[in-house]
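> The following comprises the amino acid sequence and a computationally predicted model.
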Amino acid sequence: MKNTVVTFAQAKEQGIKQTVLTAYDYSTAKLMDEAGVNAILVGDSLGMVCLGYDDTLSVTMEDMIHHTAAVARGVKNALVIADMPFMSYQTSVYDAVVNAGRLVKEGRAQVVKLEGGVEVADQIRAIVNASIPVMAHVGLTPQSVHAFGGFKVQGRTEAAAQRLLDDARAVEKAGAFAVVLEGVPAKLAEMVTRELSIPTIGIGAGPGCDGQVLVYQDMLGMFNDFTPKFVKKYAAVGDLMMAAFKQYMEEVQDGSFPEAVHCFTMEDDILDKLY
């Protein structure tokens, strides 16, 4: 079944948890889509797991369009969500709408995601008014890493928890169809989920959210620069890849690859006629 913003809303009403994973290329997105994941997020996390940056701040609109288009070509049923990169929407409402439009027109995204709460409500409202669905993102917002002083859990004090709740209410009022809750105490995330009529998608926010999202390189053990507390490793794909790379090197070096089955043939007498 094709996943849309409508099916996400229906899932919340029915108590059906939604699954979201990141992807940044055609082949990975195709596998996830065939597995039946509800949505694929082309996250600006690509800056860290694909491009080797220390954070997400250096990711450009061109990066996001390029990777989103690749993902969209591999997807039939999953909802394709694209992150709006740092400074693509903070500067003005106009910039936010123009850049959201580029992600849809050029990147073939079906939804855009942006970080922030009360302070970006006007941008969310304008993008939604342009008929582009918006997923909001509150709590630990990676584009604010310098303002936070690092990747820190948000909402642990009374004042911080109230700000997070206010932010969640603001993005819902502005028209976001869903909101990511990142790096939030589980009990607070559960409360926010009850308070909102739109789905909440958790990452490091406990099981009380309406769905979950993970970076696929994290959950497959392919990215080991650091591992957040909230990540569960479902497979040691990184170890398998390393073993395969080493086996390939050994077989090339000892001459056991390629074998005859990997080679193309021709008539021997043709070689005899060459001069």
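Looks like it arrived, so ask away.
> show me where the stretch 51-200 of the chain has helices.
Under the criterion DSSP state H, counting those that start in this stretch, helices of the stretch 51-200 of the chain are mapped to 61-73, 93-105, 121-129, 145-148, 158-174, 186-195.
> Mind putting these into CSV with mean neighbour count and mean pLDDT?
Backbone N, C-alpha and C define where each C-beta goes, glycine included. CSV is the format used below for the helices of the stretch 51-200 of the chain (neighbours: other Cβ atoms under 10 Å; pLDDT from 0 to 100):
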stretch, mean neighbour count, mean pLDDT
helix 61-73, 20, 98
helix 93-105, 19, 98
helix 121-129, 20, 98
helix 145-148, 12, 77
helix 158-174, 18, 97
helix 186-195, 18, 98
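> Kindly present the ones you listed as CSV, with separate columns for distance to residue 217.
Shown next, in CSV, are the helices of the stretch 51-200 of the chain (distance: least, Cβ to Cβ, whole Å):
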stretch, distance to residue 217
helix 61-73, 14
helix 93-105, 22
helix 121-129, 29
helix 145-148, 19
helix 158-174, 27
helix 186-195, 24
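> For residue 227, which of those is the nearest?
Distance to residue 227, taken as Cβ to Cβ, is lowest for helix 145-148 among the helices of the stretch 51-200 of the chain, at 17.2 Å.
> Which residues does that closest one contact?
55-57, 140, 151, 154 (Cβ atoms under 8 Å, 6 or more residues apart in numbering).
> Try it again at 6 Å.
By Cβ atoms under 6 Å, 6 or more residues apart in numbering, the residues outside helix 145-148 that reach it are residue 55.
> can you check stretch 212-230 too?
Residues contacting stretch 212-230 (Cβ under 6 Å, 6+ apart): 20-22, 45, 49, 201-204, 231, 233-238.
> same deal with stretch 9-26?
Contacts for stretch 9-26 (Cβ under 6 Å, 6+ apart): 29, 32, 37-41, 43, 45-46, 50, 67, 70-71, 73-74, 199, 201, 210-211, 213, 215-216.
> Repeat the analysis, applying 7 Å as the threshold.
8, 29, 32, 37-43, 45-46, 50, 67, 70-71, 73-74, 177, 199, 201, 210-216 (Cβ atoms under 7 Å, 6 or more residues apart in numbering).
> Now, those residues that are in helices?
8, 29, 32, 46, 67, 70-71, 73, 216 (DSSP state H).
> Including distance to residue 126, could the residues you listed go into a markdown table?
As requested, the ones in helices among the contacts of stretch 9-26 are exported to a markdown table (distance: Cβ to Cβ, whole Å):
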| residue | distance to residue 126 |
| --- | --- |
| 8 | 21 |
| 29 | 29 |
| 32 | 31 |
| 46 | 26 |
| 67 | 25 |
| 70 | 28 |
| 71 | 25 |
| 73 | 29 |
| 216 | 31 |
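> This protein: strands as residue ranges?
Listed in chain order, the strands of the chain (DSSP state E) span 18-22, 39-42, 79-83, 111-115, 134-139, 178-182, 200-203, 211-214.
> Can you give me the buried ones in the third one?
When burial is assessed from 16 or more other Cβ atoms under 10 Å, strand 79-83 yields the following buried residues: 79-83.
> mind listing what that strand pairs with, with the direction of each?
In the sheet, strand 79-83 lines up against strand 39-42 (parallel), strand 111-115 (parallel) (DSSP bridges).
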